[in-house]
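S.K.: The sequence isn't on hand, but the structure is:
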Ligand SMILES: [Zn+2]
């Protein structure tokens, strides 16, 4: 290969794979108006190194808040009436980028591919992208899990987010953990600050900027089952998959808008592709 060719190829401008301009855009002004008159229905506290499930009716808001200390959360979302329709981290990343914020949507798995939720508020919007390429609320990590931990260290650890999510879902479904485990999926890493190193392209984490009172809020675009783990990594500044890090609870609140305040809004419909595959 000639140096000329290599230089020319490397200099080609990037092409955005999925320009999002033709996606149906959420009416954030309508959402904000509905949120202003909404009342709180319920709240769930997720204990450190545990997970809890919560149901959110379509057209309701749910807010995840850091309480007591800096804490990262691993969020799974399912369609309430078909738990096999789940959050699709990979396609959300392809459509909206490595980290999500206000106006971005959390998409569901094929063959459904519809927005499960829309980010309506994010108190960590200010962070942006830091000099290392790090940002907050990533869809590039998976979830800490005991299998990777075992592969790397040979250890047995039972409070990785994967296990926490598995226990919480099994309790909700009243099925054995091995059955519920198959529905646990790649997460939205709420409040986690991550990126890829510029030189080696490796996944990195650094201390989350989250402080008690910080929150991210969503509108449920269909009836949802949420499952949130308070990661054993705490603020994920140093370690995870162990009991070493300081860990704090997370709070989930559900808000109901006043009737008619979401006038014109419709529950997200499933993909219009005909599924004949040619
Ligand atoms: Zn975790």
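M.R.: Received, thanks. In this text, all values refer to a predicted model and were calculated from it rather than measured experimentally. Residues are numbered from 1 along each chain as shown.
S.K.: What helix or strand is the closest residue in space to residue 147 that isn't next to it in sequence located in?
M.R.: The shortest distance from residue 147 to any non-neighbouring residue, by C-beta to C-beta, 6 or more residues apart in numbering, is to residue 162 (7.8 Å). Heads up, the C-betas are built off the backbone N, CA and C, glycines and all. Using DSSP states H and E, the element containing residue 162 is helix 161-173.
S.K.: And what about residue 32, helix, strand or coil?
M.R.: helix (DSSP: H, G, I helix; E, B strand; the rest coil).
S.K.: got a pLDDT number for it?
M.R.: Residue 32 carries a pLDDT value of 97.
S.K.: and what of residue 167?
M.R.: Predicted confidence (pLDDT) for residue 167: 98.
S.K.: Pull the contacting residues for the closest residue to it other than its chain neighbours.
M.R.: In this structure, residue 167 finds its nearest non-sequential neighbour in residue 177, 6.4 Å apart by C-beta to C-beta, 6+ apart. Contact analysis of residue 177 by C-beta atoms under 8 Å, 6 or more residues apart in numbering lists 166-167, 170.
S.K.: what do you get for residue 56?
M.R.: 62, 220, 223-226, 254.
S.K.: In strands only, show me the residues you listed.
M.R.: 62, 220, 224-226, 254 (DSSP state E).
S.K.: Same list, those, but as JSON lines with distance to residue 108 and neighbour count please.
M.R.: Below are the ones in strands among the contacts of residue 56 laid out as JSON lines (distance: C-beta to C-beta, whole Å; neighbours: other C-beta atoms under 10 Å):
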{"residue": "62", "distance to residue 108": "16", "neighbour count": "27"}
{"residue": "220", "distance to residue 108": "12", "neighbour count": "24"}
{"residue": "224", "distance to residue 108": "10", "neighbour count": "24"}
{"residue": "225", "distance to residue 108": "12", "neighbour count": "20"}
{"residue": "226", "distance to residue 108": "13", "neighbour count": "25"}
{"residue": "254", "distance to residue 108": "20", "neighbour count": "20"}
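S.K.: Out of these, the closest to residue 273 would be?
M.R.: Nearest to residue 273 out of the ones in strands among the contacts of residue 56 is residue 224 (C-beta to C-beta; 22.5 Å).
S.K.: If you tally nearby residues, what's the number for residue 246?
M.R.: Residues lying near residue 246 (other C-beta atoms under 10 Å) number 14.
S.K.: Return the residues in contact with it.
M.R.: Residue 246 neighbours (C-beta under 8 Å, 6+ apart): 69, 234-235.
S.K.: For residue 127, what are phi and psi?
M.R.: When read as degrees, to the nearest 10, the backbone of residue 127 gives phi -70, psi -40.
S.K.: Go ahead and confirm residue 202 touches residue 196.
M.R.: Yes. Between residue 202 and residue 196 there is a contact at 6.5 Å, judged by C-beta atoms under 8 Å.
S.K.: thinking again about what came up before, there's contact between the residue nearest to residue 147 and residue 141 in this structure, I believe.
M.R.: No. Distance between residue 162 and residue 141: 11.7 Å, which falls outside the contact criterion (C-beta under 8 Å).
S.K.: Counting neighbours, go ahead and name the busier of those two.
M.R.: Higher neighbour count among residue 162 and residue 141: residue 162, with 25 against 22, using other C-beta under 10 Å.
S.K.: And the more buried one, how far from the ion?
M.R.: Look at residue 162 and the ion: by C-beta to the ion, to the nearest Å, they are 8 Å apart.
S.K.: Helices of the stretch 151-278 of the chain, residue ranges please.
M.R.: For the stretch 151-278 of the chain, applying DSSP state H, counting those that start in this stretch gives helices covering 161-173, 177-181.
S.K.: and the first one, which residues are buried?
M.R.: Of the residues in helix 161-173, 161-170, 172 count as buried by neighbour count, 16 or more other C-beta atoms under 10 Å.
S.K.: which of the residues you listed lies closest to the ion?
M.R.: Nearest to the ion among those is residue 161, at 3.3 Å by C-beta to the ion.
S.K.: Please name the residues that touch that closest one.
M.R.: Contacts of residue 161 by C-beta under 8 Å, 6+ apart are 51, 74, 143-145, 187, 229, 231-232.
S.K.: Recalculate using a threshold of 6 Å.
M.R.: The neighbours of residue 161, taking C-beta atoms under 6 Å, 6 or more residues apart in numbering as the test, are 74, 143-144, 229, 231.
S.K.: All good on my end, thank you.
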